[in-house]
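> Generate coordinates for the sequence data below:
(one chain, ligands or ions: 2)
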Amino acid sequence: MSGLIHKARSGGIFCCLVFVFGLTSLYLRYLTSFIHTHNLPVASEGKLRQNINLDNTLNFGARPGVPTYTSWKAPIIWEGMFDPNLYDQRHIQLQSSVALTVFAVGRYLDAYLKNFLTSAEQHFMLGLPVTYYVFTDLPENLPNIELAPQRNLKVIQVEKHSRWQDISMMRMKTISEAIESEIRHSANYVFCFDVDQEFKGRFGSEALGDSVALLHAHFYKLPKHRFTYDRNPKSKAFMKTGDFYYHAAIFGGLWEKVKNMADACYLSIIEDKLNDVEALWHDESHLNKYFWLHKPSKLLSPEYCWDQSIADKRDINITRLIWAPKHYDTLRTP
Ligand code: 5GW
Ligand code: MN
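Ligands and ions are numbered 1, 2, ... in the order given. Presented below is the predicted three-dimensional model:
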């Protein structure tokens, strides 16, 4: 009798095991099919990353002199608001990786790229894997820069547009293509930079977010009516009003978000060309329009991109990146 019960019991356990095993393998199959159909590297699953609630740890009262969040509750990152170690540890744990794109076309290569890259090695996203994507028409003139472990550089050749407005605007197309062909397979986040700048202090993982915009150093204190949005109703960049004036020298976020943004800006730029109009500040006008319609999830204060010629520095507790001197006379003549 007891032997029979024992048999029945072990039969039950066996059935249970088969059931659990079946469920697990079904679940695994679902997971793999999800990864395949969406063609995402495992670590770059956007939804997972959007649940990073690190921004709840920010101290919004740390900087009484300046706004620290927007009307739609996106944080504006100022020195003193965040714990750098907390951000770094969490992003290392999540295996976050970052691609930095930068264009150095024509004379901008010799003038700026070396300082930009060597200073990025000192201050940009230390502790995380970083790949620099350098777009240039002169790959053979690239400076030789020694990179720290976990940091790589890829050079992608681009043509030199004859109009400087096009060099600047066509970056959106190139960025989108590079995200599609390369970046999305190797990085979670993309940050796009002007080359005429130099890192001076920590530019770290606190700057990572779903979609990230930068407050323009010359406008962050000005009233809205002074913002230099495009005011021509014929342009796709036309804006009557907005939230902030964003600087196109830095934008970033999850690769999915940056790709959407670059695609939208490029489409608007092309539509303007077909209509024979050009936005007042080129790609920057289109970027401002995009972030008006699609609110960024995080804003960077001008501490992240400061112009040292601005006299009133009271709000700037640290300069993380500064504008390099402009030599328009020599750089912009053909
Ligand atoms: C050249 C002449 C006029 C304007 C832009 C260029 C130019 C820009 C160029 O010859 N080569 C080049 O690589 N660029 C890229 O576009 C650089 O990454 C540069 O940082 C970016 C935007 O141009 P900037 O920095 O001159 O624009 P602003 O808004 O900082 O004055
Ligand atoms: Mn610039």
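
> Asn53 - how many residues pack around it?
8 (other Cβ atoms under 10 Å). For the C-beta atoms, the positions are set from N, CA and C on the backbone; glycine is no exception.

> I'd say Ile316 and Glu303 touch.
Yes - proximity of Ile316 to Glu303 meets the contact threshold set by Cβ atoms under 8 Å, at 5.6 Å.

> For these two, indicate the residue with more neighbours.
It is Glu303, of Ile316 and Glu303, that has more neighbours when counted by other Cβ under 10 Å, with 22 against 18.

> Could you say whether that one sits in a helix, a strand or coil?
helix (DSSP: H, G, I helix; E, B strand; the rest coil).

> who's in contact with it?
78-79, 316-320 (Cβ atoms under 8 Å, 6 or more residues apart in numbering).

> ok, which pair from the residues you listed is furthest apart?
Using Cβ to Cβ, the contacts of Glu303 reach their maximum pairwise distance at Trp78 and Thr319, which is 12.5 Å.

> neighbour count winner among these two?
Taking other Cβ under 10 Å, Trp78 and Thr319 do not tie; Trp78 has more neighbours (26 against 19).

> Spit out the contact partners of the residue of the stretch 201-334 of the chain found nearest ligand 2.
Across the stretch 201-334 of the chain, the shortest distance to ligand 2 (Cβ to the ion) belongs to Ala249, at 5.1 Å. Neighbouring residues of Ala249 by Cβ under 8 Å, 6+ apart: 193-194, 197, 214, 305, 323.

> what's the spacing between the helix or strand where Gly253 lies and its chain's center?
Here Gly253 sits within strand 246-254, counting by DSSP states H and E. Relative to its chain's centre, strand 246-254 lies at 6 Å (Cα atoms, centre = their mean, to the nearest Å).

> Indicate each strand paired with that strand and its parallel or antiparallel sense.
Sheet pairing of strand 246-254 (DSSP bridges) gives strand 189-193 (antiparallel), strand 211-215 (antiparallel).
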